[in-house]
Every structure is written in structure tokens, then in C-alpha cells.
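**Student:** build me a model:
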Amino acid sequence: MDNLSNEAFRFDVDSYATLIDNRVKIECADQRNYSGRVYTIDPLTQSIVLIDDSSNRVHIVLRPDIIQLIILDRNQSQQSHRDPFLPSNAITTTTATNHDESIRDRLGNIRKFLSSKRIPFQEKLEENNSITLLIQNGIVQINAPYTPENISGTNEIVLSRIKLLLKQIVN
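**Tutor:** Numbering: from 1, shown residues only. Below you'll find the predicted structure:
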């Protein structure tokens, strides 16, 4: 029962962790080859997530398919690489401030509009200090940043009508 010779028991997480942010070339079964920067490695399945910096494509290479792994460059500088899972434009402090002001303006416009149309709503303060507008006791919720994409609800008819009204306000 205690078969410790299985490959899973010989897997060394620390040695695989040294591959992160290195440029590698992986030769796989069926003459497939991948090259790129190692983004992460799953310690359970030993699958490697590669990022091709030239095309910004993400490849997940499964451990059973790997025949050979060649380290091309041991570049440990994490700041020289762009994370493909983050937004492409970095938000600066001034941009974030302008963004917050536009969200506050949008919220104010929605409040005025709902009040002028006599649509009952309540405000709920969320944990991240954003305000969620609840219409018809929570049947429809409008979340920050208060665009038609950020509306959710349980009643499809009311939801579609509120989305149409909100598109008029936002645009």
C-alpha cells in the first residue's frame, strides 16, 4: 500500500518554483513545441502555464505531454514582464481620481433620474464602500460603476426596462 516510488511523491515544488519567470522551451508529445515565460506551475497536476510574450498568448502544458524542458533564459526580473491577466492600461492616480469622479457623477444622475420618474429605490453601502442601488426591494440591483452591464436582477421584465432606462442616462 505505501508505494512511495510514484512520481507524485518525488515532485519537488521548490525546484519547479525556480522556473517561474524564466524563459523556457518545452518539447511535447506529437512534435508540439512551446516557448515562453513560465507564469506559474500547478503543484498538484504539475502543469505549466506559459506566456508567449511576443503574442501575449497563454499556453497550459500538461505534465504527461512534456518530453523535455529547456531553460532559455534565467531572467528573474518580474518587473520587466507584463502580466496578461491585468488590464493593458495601467491606471495612474489621476486616472483613478477621474474615474472615481465619473462614477460619482453617474450615481448622482441615476439617483435624480429614478427620483424624477418616481421609481422607488434604496441605497445599500457595500463592504468596499461602494453604493448599490436596490430597486423594488432588491428585485433589481445597480452596482458600481453604474453602467448597464452592472445591473442584475431576478425579474427579467423589470431588469430589461431598467437597463433601457439606464442606457439613456449613461449615454
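**Student:** contacts, neighbours, all on C-alpha from now
**Tutor:** Will do.
**Student:** wait, Asp42 touches Val61, no?
**Tutor:** No. Counting by CA atoms under 8 Å, Asp42 sits too far from Val61 to count as a contact (10.4 Å).
**Student:** separation between the residue nearest to Asn22 when sequence neighbours are not counted and Ser152?
**Tutor:** With CA to CA, 6 or more residues apart in numbering as the measure, Arg74 is the residue that lies nearest to Asn22, at 4.9 Å, once sequence neighbours are left out. Using CA to CA, to the nearest Å, Arg74 is found at 47 Å from Ser152.
**Student:** these two: which is more packed in?
**Tutor:** Higher neighbour count among Arg74 and Ser152: Ser152, with 19 against 14, using other CA atoms under 10 Å.
**Student:** ok, now which ones touch the more buried one?
**Tutor:** Taking CA atoms under 8 Å, 6 or more residues apart in numbering as the contact definition, Ser152 lies against Val140, Gln141, Ile142, Leu159.
**Student:** quick check: mean pLDDT across stretch 132-141?
**Tutor:** Mean pLDDT, computed over stretch 132-141, is 86.
**Student:** show me the helices in the chain, by range?
**Tutor:** For the chain, the helices defined by DSSP state H cover 7-10, 13-17, 93-116, 156-170.
**Student:** now render those helices as CSV, adding distance to Tyr34 and mean neighbour count.
**Tutor:** What follows is the helices of the chain, written out as CSV (distance: least, CA to CA, whole Å; neighbours: other CA atoms under 10 Å):
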stretch, distance to Tyr34, mean neighbour count
helix 7-10, 23, 9
helix 13-17, 17, 12
helix 93-116, 38, 14
helix 156-170, 45, 15
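**Student:** quick one: low-confidence residue ranges for the chain.
**Tutor:** Residues of the chain meeting the criterion pLDDT under 70: 1-13, 75-99, 171.
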